[in-house]
Each structure stands twice: as structure tokens, then as C-alpha cells.
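Visitor: below are the sequence and a predicted model for it; my questions follow.
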Amino acid sequence: MFIQNIRDPLIRDSNNPSFVQAPAQFNNCFPAENLGFIPYNTPDRLPPPRFFTKVSPMTPYIYRVETHCHTIYSKDSLTRPADLLAACRKKGIDRVIITDHNTISGALAAQKLDPEHVIVGEEIMTRAGELLAAFVVEEIPPGLTPLETIQRLRQQGAFISVSHPFDVTRSGHWKLPDLLEIAPLVDAVEVFNARCFSAKMNEQAQAFAVQQDLLGTVGSDAHTAFEVGTASLEVPLFETAADFRRHLRSAHPRVRRSPAWVRLSSRYAVIAKKLGMVRV
Ligand SMILES: [Zn+2]
């Protein structure tokens, strides 16, 4: 028997309170902080395919996707593309969208190593906040207006989400009027970011997505290999940005928050690079 609770509108099995089944359109009804890992025992799903395994038409039908992660090509990460890919393999990530700050160089380097599993993305600092793009072909420079950034991404068919919009501790967060202006132009909002300090920031993003009738993405925002897969999406098989956009509607999130200390790794990366201790 399933109970739908208005304050906590997850579908819960009343006989087993720890069991949580993500609804098909999770963006409209999940407080992700409460989700934890979604167990695989839902009858409508098969286990996910493993990274580097062939997906046969007879077997699994979902990819586990890391939608937000960084490499050493970001100023605040020291993760080399090969190490990121190794972590993805270890953690069963089937598709990884590499979203370095204002560059696609790291994603391209990783894609050379593994063309099948890497999707080129970019986290772009606009004048009003950060956008999170996937299926990027041409790198977008930082510092453009949000509208111009979106326009350039649209021209190349990219998928566009909005990074951690309500995380006021980050320089890339959005002010509400700016966010309202771009809402009709983007594909999704990042409704769960594993690096957000407080649960409230993610809940605000979820509420905003619901209000604006936007889809949601979840991401680890991994700056270290350790964080890869902390928040991931299980998405029906896709190849293109259009597929991804379409299938996101029936995606399942698997999320938990990263420990606060992971942010120290980003500080360390910035300092180490400034001091010339590390080179790309
Ligand atoms: Zn990021």
C-alpha cells in the first residue's frame, strides 16, 4: 500500500518506511535530501549497466549518469581525466558529463581516452550566475550575459541546466529575478547538488523547478575522484542531447550529500596551482 504525503510527497511503502520509490517525474515531487539511495528492488527496474560493459538490447535499459564533475582543467580541482574515468568505472557510472569551469579541454581530454562514456559539458559563469551545459561542441567563454550564453548553447544543440541556483555560498549562485528571466529558456534546474552546505539550498531549487514546471538534474559537483557518483541520475538509454532531454522526465535520482571537508580539496587545488605545485 502506498501513501502519498503532501509535505513529503514521495511515494512510500507504508509497510517498509525505509523503502522509497522515486516517482517517474521526480522533479515534481521529491525532496531529494530525504531520498538517500534508492534501492534497486523496485519491480519496474532492472539493475543498471556497468561502466565499460556492453549494453545488449536484451538487458538493462538505464544508464547511471554523473551529470556534474570537474577535472584538473578547472582551477579548483586536481583530478586528472584518467583518474576521473577510473573512479567512474569503479562506481558503476555509465555516462559521465564532465563540466569544467569555463572550459571543455578536460572533457575533450577525457573523451579522447574514452569516447564512448564521456559527454562533453561545461559549467559556464555568466554575468548573473552559473549554467551547467551538456553535449557542448564549442566552448563558451565566461562573462557573457545569460541570454547570450543560452543562445550560443542552443545553437549547438546543448542541454542546459542551472547549477546550484540557491547556494549563496558560491559565486555562481543566482538572484531570483535573473533566474525567473532564464527559466523559460533552459531545460532543467540542478535540484540537488551534493556539495551544497545546507539541505535548504537544494530544497529551494526543487521548489523553484516545480513552480516553473522545469525538469531537474542532480549532480555530485565532484572536484575529487572520491566524490564521483555521490549524486547521480538513472536515465533510460540515450545517445543525444534530445534523447537526454526527453528521458530526463523518467529519470531516477540517487543522492546523498558530500561531507563538508571536500570543499577544502578545492581550496587546496587553487593554492597548489597558484604556487605552481601542480600543472595540467
Ligand atoms: Zn561545478
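Guide: Arrived safely. Small disclaimer: the values here were computed from a predicted structure and weren't measured. Residues are numbered from 1 along each chain as shown.
Visitor: count the neighbours of the nearest residue to Gly143 once chain neighbours are set aside for me.
Guide: Among residues not flanking Gly143 along the chain, Arg127 sits closest, at 6.4 Å (CB to CB, 6 or more residues apart in numbering). Placement of C-beta: from N, CA and C, glycine included. Using other CB atoms under 10 Å, Arg127 has 13 other residues around it.
Visitor: how about Ile124?
Guide: For Ile124, using other CB under 10 Å, the count is 29.
Visitor: the ion contacts on the protein?
Guide: With CB under 5 Å from the ion as the criterion, the chain meets the ion at residues 123, 221.
Visitor: for stretch 140-154, what is the spacing between the initial and final residues?
Guide: 11 Å (CA to CA, to the nearest Å).
Visitor: report the rounded mean pLDDT for that stretch.
Guide: Per-region confidence: stretch 140-154 scores 98 on mean pLDDT.
Visitor: buried sites along that stretch?
Guide: For stretch 140-154, the neighbour count (16 or more other CB atoms under 10 Å) marks 140, 142, 144, 146, 149-150, 152-153 as buried.
Visitor: swap in stretch 237-253?
Guide: Result for stretch 237-253 [16+ other CB under 10 Å]: buried residues 238, 241, 244-245, 247-248, 251-253.
Visitor: and what of stretch 102-117?
Guide: Applying 16+ other CB under 10 Å to stretch 102-117 flags 102-111, 114, 117 as buried.
Visitor: closest to Val189 out of those?
Guide: Asn102 (20.2 Å; CB to CB).
Visitor: wait, what's in contact with that closest one?
Guide: 122-125, 139-142 (CB atoms under 8 Å, 6 or more residues apart in numbering).
Visitor: if we go to 7 Å?
Guide: 122, 124-125, 141-142 (CB atoms under 7 Å, 6 or more residues apart in numbering).
Visitor: possible to save the residues you listed as TSV with secondary structure?
Guide: Shown next, in TSV, are those (DSSP: H, G, I helix; E, B strand; the rest coil):
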residue	secondary structure
Glu122	strand
Ile124	strand
Met125	strand
Pro141	coil
Pro142	coil
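Visitor: if we ignore the residues flanking it in sequence, what's nearest Tyr73?
Guide: Closest to Tyr73 by CB to CB, 6+ apart is Gly106, at 3.1 Å.
Visitor: measure that neighbour to Ser266 for me?
Guide: To Ser266, Gly106 is 15 Å away according to CB to CB, to the nearest Å.
Visitor: these two touch, right, Phe192 and Glu203?
Guide: No - using CB atoms under 7 Å, Phe192 makes no contact with Glu203, being 9.4 Å away.
Visitor: looking at those two, which is more packed in?
Guide: Phe192 (33 against 18).
Visitor: now the more buried one, which residues is it bridged with?
Guide: Val218 (DSSP bridges).
Visitor: mind listing what it touches?
Guide: By CB under 7 Å, 6+ apart, the neighbours of Phe192 are 32, 202, 218, 231, 253, 255.
Visitor: of these - the most surrounded one?
Guide: Going by other CB under 10 Å, Val218 tops the contacts of Phe192 with 31 neighbours.
Visitor: thought that one was touching Gly229?
Guide: No - using CB under 7 Å, Val218 is not in contact with Gly229, being 11.2 Å away.
Visitor: before we move on, back to that, sitting in helices, which of the buried residues of stretch 102-117 do you find?
Guide: Taking DSSP state H, the ones among the buried residues of stretch 102-117 that sit in helices are 105-111.
Visitor: can you add distance to Val280 and pLDDT and give these back as JSON lines?
Guide: Formatted as JSON lines, those follow (distance: CB to CB, whole Å; pLDDT from 0 to 100):
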{"residue": "Ser105", "distance to Val280": "8", "pLDDT": "97"}
{"residue": "Gly106", "distance to Val280": "8", "pLDDT": "97"}
{"residue": "Ala107", "distance to Val280": "13", "pLDDT": "97"}
{"residue": "Leu108", "distance to Val280": "13", "pLDDT": "98"}
{"residue": "Ala109", "distance to Val280": "9", "pLDDT": "97"}
{"residue": "Ala110", "distance to Val280": "13", "pLDDT": "97"}
{"residue": "Gln111", "distance to Val280": "16", "pLDDT": "97"}
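Visitor: please identify which of these is nearest to Phe159.
Guide: Once CB to CB is applied, the member of those that ends up nearest Phe159 is Ala107, at 13.6 Å.
Visitor: that closest one: what's it in contact with?
Guide: 98, 100, 118, 120-121.
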